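**Student:** kindly generate the corresponding structure for this input.
(one chain, ligands or ions: 7)
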Amino acid sequence: MRLTVFLTSLLSSLTLVHAVNTTVACSLLNGLLPGKVAYPSSDQYVSDTKHWATGSSSQASACTVEPSTPQDVALIFGVIQKTRTTWAVKGGGNTFNPGFSSTDGVLISTVRFKDIQYSPMSSTVKVGAGNLWDDVYAKLIPLGATVVGNRVPGIGVGGFSLWGGISWKTQKYGLGLDNVVSFQLVTPTSQILNVSAHSYPDLYFGLRGGGNNFGIVTSFVFKTHPQGQVYAGVVTYSGLSIQQEYVDFDTSNKDPNAYILPIYVYHGGVLSTNALVFYDGPVAPNGTYDAFFNAANLTSNDVKTRSFLEFQQTIHIPAPTRTATHVVSIANYTKPIVDAIVTQHLNLSNVFADAEFIMFTMEPLYSSIFDSSNGGAYPHTSAHPWKPFNLFLGYTNPASDAAAMAAVMSAATAVQQIAIAEGKSSLDAVLDINYAGLGTDLKYLYGKNLPLLRTLRAKYDPHNLLSLTGGWKL
Ligand SMILES: Cc1cc2nc3c(=O)[nH]c(=O)nc-3n(C[C@H](O)[C@H](O)[C@H](O)COP(=O)(O)OP(=O)(O)OC[C@H]3O[C@@H](n4cnc5c(N)ncnc54)[C@H](O)[C@@H]3O)c2cc1C
Ligand SMILES: *[C@@H]1O[C@H](CO)[C@@H](O)[C@H](O)[C@H]1NC(C)=O
Ligand SMILES: *[C@@H]1O[C@H](CO)[C@@H](O)[C@H](O)[C@H]1NC(C)=O
Ligand SMILES: *[C@@H]1O[C@H](CO)[C@@H](O)[C@H](O)[C@H]1NC(C)=O
Ligand SMILES: *[C@@H]1O[C@H](CO)[C@@H](O)[C@H](O)[C@H]1NC(C)=O
Ligand SMILES: *[C@@H]1O[C@H](CO)[C@@H](O)[C@H](O)[C@H]1NC(C)=O
Ligand SMILES: *[C@@H]1O[C@H](CO)[C@@H](O)[C@H](O)[C@H]1NC(C)=O
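**Tutor:** Ligands and ions are numbered 1, 2, ... in the order given. All right, here's what the predicted structure looks like:
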C-alpha cells in the first residue's frame, strides 16, 4: 500500500518535471521563432500533428514548430538540449510505428522546407525535406525526368529516403537511399553540415539507413533519371488469387522494366487481390502480363499506356485507424511460400476480430534491386537481393495494440519458417527498415554495421538528445 503511494507520487513528480521541461521549451521556442510555434487546436497544430495512421501514429504534443531554415533547426536543438524536453521530427507522417514521428513534447514539422530545384545538366534535383514525392513528380515528370521516390501518393521524402525507399524504379536504380548525392543536415549539437561522400563520409554512410539518428535533414540532392510514358494500372481479382501466376512471374522475369505488385486484401469482411502493374515503357513486350490478364477471378483491369504521374496519382490505399506491420525477407517466391502467405492471411482475418483491413504485399522484385548499392548504414548487397514481403494489419481499438502486433509477428514467423525450409530466407536476413515492426531487434536492420553506427551516433550526439525521441534508436 505504502509502496503504491510512493510509486504514484514518484510518477506524478516525474510527469511534472517533464511537463515543466516541455512548457519551458515551447515558450523559449515561441520567443525565438515567432509565428512558427503552434499550440493545441490551432490549424497549424492540427496539420502538424496529423499522421496517415491517425490513431496509432499521432500523439497530442505540447506544441509544434515549423522551422523554415537550417538556422531555425539549430536554434530548436539548442532549446531541446537546454530543457531536455521530448521531441520528434515529422516529414510526410506516414510511419507505421507509434512514436516515430510523434511526441507528447515538441513536434518539429519539416513542412516549410518546400524548395525543389532541378538541374538537368547534372541530372540532380535538390528537394526540401518537407515535400511529398507527389510534389517532386509534378515538377519533374512533365520535363521527362523522375526520381527514385514512392510508388503511391501522399508519402514524404524524409522518412522514405533516410530509412530505405522502394520505388517503381528500384529494379533499375536501387533504393531511395542509393540515390542521395548530398544531405543538408542539422546535427543535435546545432552544426549545419553539407554531407556528401567527400565532405563527411562517416555521416554520408550513417544517413543512408540511419534515419533521424544523426539529426534533422533539411534538404536532399537526389539523382534524377529519364522518365517517359509507362504501361501501368491496377488489376483486381476476387479472393486471394494469381498465386501460381505470381510464382511463375517471379521465377521467369528477366526484364528489369517489368514489375507487378500483388496485394492480398481483406476489407469490410471481403477478400480480394489488387495487383499494381508497372512496365517502365509505353508498351510491354508481348506476353509479359498475359497470365495475369487471363487469370481466374479477374474483376477489373485498367492497365494502359499513360503518364507516370497519372498512374502514380490514381493508386488509392485506404488509411487505417491504427496499424501493426512487419516484414519477411524472401529471396524468391515458391508455391509453398505463397501457400503459407495465403494460409496466414486467412488465419489473421479469422482470428483477429478487430481487423479494419489487412494487406499482405508480395514484391516480385528483379534480383538486380541491390546492384546500385554502394554501402551505407543499411547493409544491402547484390549478393543478397532480399525482397520484402510486407504484412499490414489495420484495426481500430487501442486495447488491441499488443494482440495486433503479436498476431502480425506470429504470421510473419510462420511464413519465414516455410521460406527458410524452401531455402529462400535466412534467420539473419536483413529486413526493410521502413516496413519492420515496432520492437524489431536492430541487428536485423543494421547487421554488422551496428557497433560502428553506435560510435558514430555518440560522436555527433554527445548530449544524447536521441534518447528523448522515437524511431530506430542506435
Ligand atoms: C500508404 C503507404 C504506402 C507506402 N509505400 C511505400 C513504398 O512504396 N515504398 C517504400 O519504401 N515505403 C513505402 N511506405 C513506407 C514509407 O516509406 C515510410 O513510412 C516512410 O518512413 C515515410 O516517410 P514520411 O516522411 O512520410 O514519414 P514520417 O512519419 O514523417 O517519418 C518517418 C520517420 O522518418 C523520420 N524523418 C522524417 N523526416 C525526417 C528528416 N527530415 N530528418 C530526419 N528524420 C526524418 C521521422 O522522425 C520518422 O522516424 C508506405 C507507407 C504508406 C503509409
Ligand atoms: C528536465 O530537465 C532536467 C534538467 O535540464 C533534467 O534533469 C530532466 O531529466 C528533464 N526531464 C525529462 C523528463 O527529460
Ligand atoms: C551541398 O553542396 C553542394 C556543393 O556546394 C551543393 O551543390 C548542394 O546543393 C549541397 N547539398 C544540399 C543538400 O544542400
Ligand atoms: C478464385 O477465388 C477463390 C476465392 O474467391 C479462391 O479460393 C481461388 O483460389 C481463386 N482462384 C484462383 C485460380 O486464384
Ligand atoms: C505482339 O502481338 C501483336 C498482336 O498479337 C502482334 O500484332 C505483334 O506483331 C506482336 N509483336 C511482337 C514484337 O511480337
Ligand atoms: C492463427 O493465428 C493465431 C493467433 O495469432 C495463432 O495462435 C495460430 O497459431 C495461427 N494458426 C496458424 C495455422 O498459423
Ligand atoms: C533467386 O532467383 C535468382 C534469379 O532466378 C537466382 O539467380 C538466385 O540464385 C535465386 N536465389 C535463391 C536463394 O534461390
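**Student:** output the below-cut-off pLDDT ranges for the stretch 51-200 of the chain.
**Tutor:** By pLDDT under 70, the stretch 51-200 of the chain has no low-scoring segment.
**Student:** can you tell me the SS state at the residue of the stretch 151-300 of the chain found nearest ligand 2?
**Tutor:** Sorted by distance to ligand 2 under Cβ to the nearest ligand atom, the residues of the stretch 151-300 of the chain start with Pro188, at 14.7 Å. The way it works is simple: take the backbone N, C-alpha and C, and place the C-beta from them, glycine included. Here Pro188 is recorded as coil under DSSP: H, G, I helix; E, B strand; the rest coil.
**Student:** got the contact list for it?
**Tutor:** Listed by Cβ atoms under 8 Å, 6 or more residues apart in numbering, the contact set of Pro188 reads Phe77, Ile80, Gln81, Phe214, Gly215, Tyr460, Asp461, His463, Leu465, Leu466.
**Student:** hmm, which of the residues you listed are the buried ones?
**Tutor:** Among the contacts of Pro188, those classed as buried by 16 or more other Cβ atoms under 10 Å are Phe77, Ile80, Gln81, Phe214, Gly215, Tyr460, Asp461, Leu465, Leu466.
**Student:** and those, which is closest to Val277?
**Tutor:** Phe214 (38.0 Å; Cβ to Cβ).
**Student:** phi first, then psi, for Val351.
**Tutor:** With angles defined as degrees, to the nearest 10, Val351 shows backbone torsions of phi -90, psi -20.
**Student:** Ala406 is in contact with that one, correct?
**Tutor:** No. In terms of Cβ atoms under 8 Å, Val351 does not count as a neighbour of Ala406; the distance is 10.7 Å.
**Student:** and Asn347, that's in a helix?
**Tutor:** Yes. With three-state DSSP as the criterion, Asn347 is assigned to a helix.
**Student:** chain neighbours aside, what residue packs nearest to it?
**Tutor:** The shortest distance from Asn347 to any residue other than its chain neighbours is 6.9 Å, reached at Ala411 (Cβ to Cβ, 6 or more residues apart in numbering).
**Student:** anything in the helix or strand harbouring that neighbour near ligand 7?
**Tutor:** Under the criterion DSSP states H and E, the helix or strand holding Ala411 is helix 401-421. No. For a cut-off given as Cβ under 6 Å from any ligand atom, helix 401-421 has no contacts with ligand 7; the smallest distance is 9.8 Å.
**Student:** C-terminal to that helix, what's the next element?
**Tutor:** Reading on from helix 401-421 to the C-terminus, the next helix or strand found by DSSP H and E is helix 443-446.
**Student:** what is the mean pLDDT for that next one?
**Tutor:** For helix 443-446, the mean per-residue pLDDT is 98.
**Student:** now stretch 23-33
**Tutor:** Model confidence over stretch 23-33, given as mean pLDDT, is 98.
**Student:** outside of it, which residues touch it?
**Tutor:** 36-37, 39, 62-63, 65, 67, 72, 75-76, 79-80, 82-83, 85, 105-106.
**Student:** just the buried members of the residues you listed?
**Tutor:** When the contacts of stretch 23-33 are checked for burial by 16+ other Cβ under 10 Å, the buried set is 36-37, 62-63, 65, 67, 72, 75-76, 79-80, 83, 85, 105-106.
**Student:** go back to those residues and keep what's next to ligand 6.
**Tutor:** Those of the buried ones among the contacts of stretch 23-33 which are also neighbours of ligand 6 - as judged by Cβ under 6 Å from any ligand atom - do not exist.
**Student:** and of those, the nearest to ligand 4?
**Tutor:** Compare each of the buried ones among the contacts of stretch 23-33 with ligand 4 using Cβ to the nearest ligand atom and the shortest gap goes to Gly105, at 48.4 Å.
**Student:** check contacts around the closest residue to that closest one other than its chain neighbours.
**Tutor:** Taking Cβ to Cβ, 6+ apart as the measure, Gly105 lies nearest to Thr86, with 3.4 Å between them; neighbours along the chain are not counted. For Thr86, the contacting residues are His18, Thr22, Thr103, Asp104, Gly105, Val106, Leu468, Thr469, taking Cβ under 8 Å, 6+ apart as the criterion.
**Student:** any chance of a markdown table for the residues you listed, columns distance to Trp163 and secondary structure?
**Tutor:** Output for those, formatted as a markdown table (distance: Cβ to Cβ, whole Å; DSSP: H, G, I helix; E, B strand; the rest coil):
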| residue | distance to Trp163 | secondary structure |
| --- | --- | --- |
| His18 | 28 | helix |
| Thr22 | 27 | helix |
| Thr103 | 18 | coil |
| Asp104 | 23 | coil |
| Gly105 | 22 | coil |
| Val106 | 22 | strand |
| Leu468 | 20 | helix |
| Thr469 | 15 | coil |
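**Student:** scan the residues you listed and report the most crowded one.
**Tutor:** Each of those was scored by neighbour count (other Cβ atoms under 10 Å); the top score is that of Val106, with 28 neighbours.
**Student:** what is that one paired to in the beta sheet?
**Tutor:** Following DSSP bridges, Val106 is listed with bridge partners Cys63, Trp87.
**Student:** surely it and Trp87 touch.
**Tutor:** Yes. Here Val106 lies in contact with Trp87, judged by Cβ under 8 Å, at a distance of 4.5 Å.
**Student:** intersection of neighbour lists for those two?
**Tutor:** Where contact means Cβ under 8 Å, 6+ apart, the residues bridging Val106 and Trp87 through contact with each are Ile76, Ile80.
**Student:** residue numbers of this structure in contact with ligand 2?
**Tutor:** Counting by Cβ under 6 Å from any ligand atom, the chain sits next to ligand 2 at Val17, His18, Asn21, Arg84.
**Student:** how much space separates the first one from ligand 7?
**Tutor:** If I follow you right, that is Val17. Plainly put, Val17 is 53 Å away from ligand 7 if you go by Cβ to the nearest ligand atom, to the nearest Å.
**Student:** the host helix or strand of that residue: what's the following helix or strand?
**Tutor:** Under the criterion of DSSP H and E, Val17 resides in helix 2-32. Counting by DSSP H and E, the element after helix 2-32 in chain order, helix or strand, is strand 37-38.
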